[in-house]
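*Asks:* Fold the following, please.
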Amino acid sequence: MSHQNYGLISIDTGYFVPLQRIDVQVSINGLIASVKSELHYVSDKDENTETVFVFPLDSDAAVYEFEAEIDGKTIVAEVQEKSQAKETYQDAVASGYTAVYMSEADNAGDTFRLKLGNLPAKAAARLTLRYVQEVDVSSDKIGTFMLPRALNPRYVPKCSSQNSPSDASFRIHTIQSGVTYCPDFTMNLNAVIAGGTRMVDLTTKWEFDVLAEKMDEMISSSKQLDNGIDFSIVLHYKGFEQPGVVLETGSADKNNPFLSTDVLMVNFSPNFENLENQVPCEFVIIIDCSGSMMGSRMEKAKETLLLILKSLPVNCKFTIIRFGSRFSSLFLESSKYDENSLKVAMQLQKNLQADMGGTEILKPLENVFKNRLSGCHSRQIFLLTDGAVYNVPELVQLVRKQKNTRVFTFGMGDGCSTELIRDVAKAGNGKATFVKDSDRLQSKVMSVLKASIQSEITDVTLTWSLPTGCTAINVPENVPAIFDGEMFILYCIISGNVEESLFGKSSVVLTGHAGDKTLDYKMNFVLGSKKQTDADNLYPIHRLAAKASLTEMEISNVKESLMVSLSTTTNITCKYTAFVGVDKHSKGIVAKGFSVKKQTEKGDYMAYLAKNLAMRKKPTERFYGVEERTQTSTSDTCLSSVMMQLIEIQAFDGSWQLTDNFSKILGNTMEQLRRESPVADIDIWATALAVAFLRKNFLEQREEWEMVEEKALKWLSTKTNDGKDVLQEASKILS
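*Replies:* Residues are numbered from 1 along each chain as shown. Model prediction:
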């Protein structure tokens, strides 16, 4: 599947309006990225044209402002209900006005399309949009903000009940092959990072250290980007072990019921005591084997599958499913993890190829879910894909119906659908992970595998202790999936006046269940106002909270009118709304046959929240200690083939045998290693040597072999070592 770039295209002729320059400004403060993008076009046509602009955005981005400047005149768009916005736009264009319309593409929430009607002949156009987005934070406290630039075509599965988009403007995009650039085209990126130090400048990414004690200081950087490649800003957070709390006060405009409220953003990493690990699981590894996975992506997938297979706990069941235009399952149903099943899986791993055509994800998932879980096993699904499909809503609803199942998704490479990866993981109470072509897939998957064998934390509730007269409403309403020790971000709307005199100690208690255990974690914080900046006047935390609520409502099939109410109130689009703007001065205030449409009646989102608030019990004060947390980090260096060779010959129970191949990997002869053995059982000695070899030579890749080591240590703990410390003896031999 080739990358499909974005651009401004004439609807009538398919002609690309030449793109002169893109200017992107990114400001990252803590866990929030604020973005302003300006795209400069020029029309060289001798007549007015109608165009469509297609571009990718992360599905979690909250786009709250869009405007077009054409020959010095500015059109500021506002969010309306979608059918109403279309009518406003069509009437304006028919009446000779210059107008703009922008919405999420049909069945593609991470792709936006903009229509610009009556673009004057020989006119220059500048299109500007602003959005905010959470920074993705991994388990090792590394944050990533991605600027998407590649837009892959959406695959339309034959098995899907979803129809492909009928809108002509989107069909035009799917058959075009690129963007028309002016000869001197440039894309300029400027980033300002609060607390940033020590920048590393690479072709496809910047890396910064972000220091908690330096958040009042800024570091900036600029560069020209290469065309058609996603660009990332990677942030190594240091000193962020303590919880973070920001109160964003509302606007003075009481006519805006959402933006006039106060919104609290809290981030912390809950640590639960006595959380059971390695609960009985059924692991289903679903790997995209479509043609676009050919090359380095498939090689990464093969190495990753090897690491997963060798790291699976001995009490589990598993299967592997390959998919493309068709799918194939290793076993008819998940098989017990033992020596024989591992041997069969390793044979498949060796022969894995990108030879299965298109990207049809629905059928393999349906096949998984038709098999009933056995006994006390919980199902953990790992979905690895580089694809983009039209039927994401269908996939989301299928996953959402499942019980005792978690879905962990991995989006590989540039242009992978963020909507597919994020929304399926949210519906499946799992985690979404993105891996660029230059990243290590192996370490990221192994980090998630560790999380997957923890007991699932269910029935999560939040109990707030706030100043007198204030009550918190969770946003989103249902607390998303929680993983022990990992960064968790939540928002709440403060009902009541937060007087400055009442600022002080507050808390939130997170309560949930893991099996038959009740878990509690309390986070204490000091409630206070934050320093106001230019970005604060745009209410980024309010916008992020609104986006989180809209996403939850869409996945949960909440009443459309409530989504329209929140969307139009906050000026953030959803699947039922669109931006629309008209240059009323291009032909006078109102032309014959045209009038600006007024908003139709919609549901009241704030009344919906108030109703939910009335149903809540008054929070009670409870006291728990705050757990201490430590920060870990891993290096992203290349994985040695020697390491993979050693892991490949490990037995399913975690042990190694002293063979000629084993000895060659360690750089010794079998006879020499046998003579050095301090114990009679040679398998014990070989296993100790393997662990010591990994620790000595591959410490920077520890996250990738840590679970392999855990299996080996558990196996050693069941053996009699003749009173010898075999690990210490092995370390001496290899030193």
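
*Asks:* so how far is the host helix or strand of Tyr64 off the chain centroid?
*Replies:* Using DSSP states H and E, Tyr64 falls within strand 62-70. For strand 62-70, the separation from the chain centroid amounts to 24 Å (computed by CA atoms, centre = their mean, to the nearest Å).

*Asks:* Over to stretch 560-568?
*Replies:* 24 Å.

*Asks:* swap in stretch 372-389?
*Replies:* On the basis of CA atoms, centre = their mean, stretch 372-389 sits 17 Å off its chain's mean C-alpha point.

*Asks:* Can I get it in CSV? Just the C-alpha atoms.
*Replies:* Provided in CSV are the C-alpha atoms of stretch 372-389 (Å, rounded to 0.1, in the frame of the first residue of the first chain):
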residue,chain,number,x,y,z
ARG,A,372,-15.6,-19.3,24.1
LEU,A,373,-13.1,-18.7,26.9
SER,A,374,-12.3,-21.7,29.0
GLY,A,375,-12.2,-21.8,32.8
CYS,A,376,-10.7,-18.8,34.5
HIS,A,377,-8.7,-17.6,31.6
SER,A,378,-8.9,-14.0,30.4
ARG,A,379,-8.3,-13.1,26.8
GLN,A,380,-5.5,-10.8,25.8
ILE,A,381,-5.5,-9.8,22.1
PHE,A,382,-2.4,-8.2,20.4
LEU,A,383,-3.2,-6.6,17.1
LEU,A,384,-0.2,-5.5,15.0
THR,A,385,-1.1,-3.6,11.8
ASP,A,386,0.1,-0.8,9.6
GLY,A,387,-3.3,-0.5,7.9
ALA,A,388,-6.2,1.9,7.6
VAL,A,389,-9.8,0.7,7.0
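
*Asks:* For stretch 680-696, could you pull out the residues that count as buried?
*Replies:* Neighbour-count burial for stretch 680-696, counted by 16 or more other CB atoms under 10 Å, picks out 683-695. C-beta here means a position set from N, CA and C on the backbone, and glycine is covered the same way.

*Asks:* Surely Ser220 and Asn190 touch.
*Replies:* Yes - contact status for Ser220 versus Asn190: in contact at 6.8 Å, counting by CB atoms under 8 Å.

*Asks:* What helix or strand is Ala548 located in?
*Replies:* Following DSSP H and E, one finds Ala548 within helix 540-555.

*Asks:* just to revisit the earlier point, which SSE is immediately downstream of the strand holding Tyr64?
*Replies:* Later in the chain than strand 62-70, the nearest helix or strand by DSSP H and E is strand 73-76.

*Asks:* What strands flank that next one, and is each parallel or antiparallel?
*Replies:* Strand 73-76 has the following strand partners under DSSP bridges: strand 62-70 (antiparallel).

*Asks:* tell me the angle of the partner strand relative to helix 540-555?
*Replies:* Counting by axes from the mean of the first three to the mean of the last three CA atoms, to 10 degrees, strand 62-70 lies at 110 degrees to helix 540-555.

*Asks:* so for the strand holding Tyr64, what's the average pLDDT?
*Replies:* Across strand 62-70, pLDDT averages out at 92.

*Asks:* Other residues contacting it?
*Replies:* For strand 62-70, contacts defined as CB atoms under 8 Å, 6 or more residues apart in numbering pick out 57, 74-77, 98, 100, 102, 112, 114, 116, 119-120, 123-133, 538, 543-544, 546-547, 570-573, 579, 581, 583.

*Asks:* Among those, which ones are in helices?
*Replies:* Per DSSP state H, helices hold the following members of the contacts of strand 62-70: Arg543, Leu544, Ala546, Lys547, Thr570.

*Asks:* Of these, which pair is most distant in space?
*Replies:* Leu544 and Thr570 (10.2 Å; CB to CB).

*Asks:* helices or strands up against the longest strand along the chain?
*Replies:* Of all the segments of type strand in the chain, defined by DSSP state E, the longest one is strand 181-194. Taking 3 or more CB pairs under 8 Å, 6 or more residues apart in numbering; DSSP states H and E as contact, the helices and strands that strand 181-194 lies on are strand 19-29, strand 205-211, strand 218-224, strand 231-238.

*Asks:* Dump those to JSON lines, plus mean pLDDT, mean neighbour count and distance to Val263.
*Replies:* Putting these into JSON lines (pLDDT from 0 to 100; neighbours: other CB atoms under 10 Å; distance: least, CB to CB, whole Å) gives the following:
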{"stretch": "strand 19-29", "mean pLDDT": "89", "mean neighbour count": "20", "distance to Val263": "16"}
{"stretch": "strand 205-211", "mean pLDDT": "93", "mean neighbour count": "20", "distance to Val263": "23"}
{"stretch": "strand 218-224", "mean pLDDT": "93", "mean neighbour count": "13", "distance to Val263": "24"}
{"stretch": "strand 231-238", "mean pLDDT": "92", "mean neighbour count": "21", "distance to Val263": "23"}
